[in-house]
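Peer 1: Here you go, sequence then predicted model.
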Amino acid sequence: MATRIRPSSKRCAVIGGSGFLGRYLVEQLVDRGYSVSVFDIRQGYEIPGVTFHQGDLCDKQALLAALQGVSLVFHCASPAPSCDDRALFHRVNIDGTQTVLKACQEAGVQKMVLTSSASVVYEGTDIKDGKEDLPYAKKPIDYYTETKIQQERLVLEACDTEKGFLTVAIRPHGIFGPRDPQLVPILVDTARRGKMKFIIGDGKNLVDFTFVENVVHGHILAAERLRPESPLCGKAYHITNDEPVYFWDFMSQVLVGLGYDPPKYRLPYQLVYVLAMVLWLLVLFLRPVLQLRPTFTPMRVALAGTHHFYSCARAKQDMGYQPLVSLKDGIARTVESYAHLRKAA
Ligand SMILES: NC(=O)C1=CN([C@@H]2O[C@H](COP(=O)(O)OP(=O)(O)OC[C@H]3O[C@@H](n4cnc5c(N)ncnc54)[C@H](O)[C@@H]3O)[C@@H](O)[C@H]2O)C=CC1
Ligand SMILES: CC(C)=CCC[C@@H](C)[C@H]1CC[C@H]2C3=C(CC[C@]12C)[C@@]1(C)CCC(=O)C[C@@H]1CC3
């Protein structure tokens, strides 16, 4: 029989630690004196003292090897929302998360912090100052959201104070910052292709964009405050910058910061949404013969034209959360870091 190493409270594992958020989390944990193991299907970087375990989270044996002696697990792995592969989302976010839970329990892990998403309650229509008690979306906008809902449910239901296995879910929204592979690169690519000329709707829809270091701060606070007697057990928490911003102002600030023109012509939201729907149906119809990836998907149009901002009052109350970096500073640091994506003079 394999000998089990006794878990140490400062020993943690970050599943998905090679990703955008995961790497920031690892760096901050190391700075705070944790000993960190990363488990991911890819190794993106090296940090002295951090152990990398390359593997698929659907493989319990591979996970067990990485979880030896670990008392705290952060699970922030997921396929990218843009991949649109239902089977993959299901396999990783649902079946894989069940495997992670089993492996944690077998390895004697005591706490697990899941990176969920605020979009688990979003159905493509306005959410203003949404609280955590909103019901899960009955009609999720995509497969990513559908499987994030089931993932969050599984993790929160696994919380069991008697067995000594505690869980909590963090729901960030619109994470951005230096090294983000999605938001700024998609935006710049769209601008370079001359498709960032239009504002969808009246331009006054408020949205949360959250600087990555604030998201990390929320995760670490949650881990450190998660105890058998604490209110965090089995609960979900919104973590945002707590400064909702007009979606189109945020986009314009990033674009202008990088030397591109901001969008200025208005298009009615309903019209663009219907056009995106038609285009999407056409793409589905042509899929057997032609692989197309339209910029304007119904999901993206909804994100760009509706309100979706969330209250983080519960995180403030239960874990003393306050954002550390303001939106203004976060945008400035992000723009500065993407010098290579600046418009050529
Ligand atoms: N980026 C955002 O705006 C938001 C992200 N989230 C959540 O935050 C988490 C982290 O997201 P990002 O850092 O943006 O994504 P990312 O794509 O940069 O990182 C995800 C990591 O998971 C790893 N991974 C994927 N499948 C795996 C598998 N089968 N086994 C092991 N590792 C696997 C990937 O290799 C990658 O390193 C995800 O759970 C995502 O759903 C939630 C809300 C907003
Ligand atoms: C707050 C939140 C959930 C942000 C999510 C980030 C991405 C979904 C956005 C990042 C760049 C955005 C973008 C569009 C939609 C939403 C994003 C992909 C458009 C495609 C919307 C329609 C346009 O006019 C072009 C936009 C490019 C950038």
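Peer 2: Structure received. Ligands and ions are numbered 1, 2, ... in the order given.
Peer 1: so how far is Thr97 from the residue in the chain that ligand 1 sits nearest to?
Peer 2: Sorted by distance to ligand 1 under C-beta to the nearest ligand atom, the residues of the chain start with Gly19, at 2.0 Å. To be clear about C-beta, it is placed using only N, CA and C from the backbone, and glycine gets the same treatment. Gly19 sits 16 Å away from Thr97, going by C-beta to C-beta, to the nearest Å.
Peer 1: quick one: buried residues of stretch 132-151?
Peer 2: Of the residues in stretch 132-151, those scored as buried under the neighbour-count criterion (16 or more other C-beta atoms under 10 Å) are 132, 136-137, 140-151.
Peer 1: Look up the closest residue to whatever residue of the stretch 51-200 of the chain ends up closest to ligand 2, ignoring the ones flanking it.
Peer 2: When you check the stretch 51-200 of the chain against ligand 2 by C-beta to the nearest ligand atom, the closest residue turns out to be Gly174, at 2.7 Å. Spatially, and ignoring its direct neighbours in sequence, Gly174 is nearest to Phe209 (4.1 Å; C-beta to C-beta, 6 or more residues apart in numbering).
Peer 1: count of neighbours near the one you found?
Peer 2: Phe209 has 24 neighbouring residues, counting by other C-beta atoms under 10 Å.
Peer 1: and Trp280, what does it touch?
Peer 2: Residues in contact with Trp280 (C-beta atoms under 8 Å, 6 or more residues apart in numbering) are 294, 297-298.
Peer 1: top of those residues by neighbour count?
Peer 2: Using other C-beta under 10 Å as the neighbour test, these are led by Pro298, with 21 neighbours.
Peer 1: quick one: the helix or strand containing Ala62 near ligand 1?
Peer 2: Secondary structure here is read from DSSP states H and E; on that basis Ala62 sits in helix 60-66. No. Applying C-beta under 6 Å from any ligand atom, one finds helix 60-66 out of contact with ligand 1, separated by at least 9.0 Å.
Peer 1: Show me what that helix is in contact with.
Peer 2: Applying C-beta under 8 Å, 6+ apart, the external contacts of helix 60-66 come out as 13, 15, 37, 39, 51, 53, 55-57, 99-100, 102-103, 106-107.
Peer 1: With only the CA atoms kept, save it in CSV.
Peer 2: Taking Å, rounded to 0.1, in the frame of the first residue of the first chain, the C-alpha atoms of helix 60-66 are listed here in CSV:
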residue,chain,number,x,y,z
LYS,A,60,-7.4,10.2,-11.1
GLN,A,61,-4.0,8.4,-10.7
ALA,A,62,-2.2,11.4,-12.2
LEU,A,63,-4.1,13.7,-9.9
LEU,A,64,-3.3,11.5,-6.8
ALA,A,65,0.4,11.8,-7.5
ALA,A,66,0.2,15.6,-7.5
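Peer 1: How far away from the center of its chain is it?
Peer 2: Taking C-alpha atoms, centre = their mean, to the nearest Å, one finds helix 60-66 lying 24 Å from the centre of the chain it belongs to.
Peer 1: got it, and stretch 289-309?
Peer 2: Counting by C-alpha atoms, centre = their mean, stretch 289-309 is centred 18 Å from the centre of its parent chain.
Peer 1: can you tell if that stretch touches ligand 1?
Peer 2: No. Stretch 289-309 lies out of reach of ligand 1 by C-beta under 6 Å from any ligand atom, never closer than 10.6 Å.
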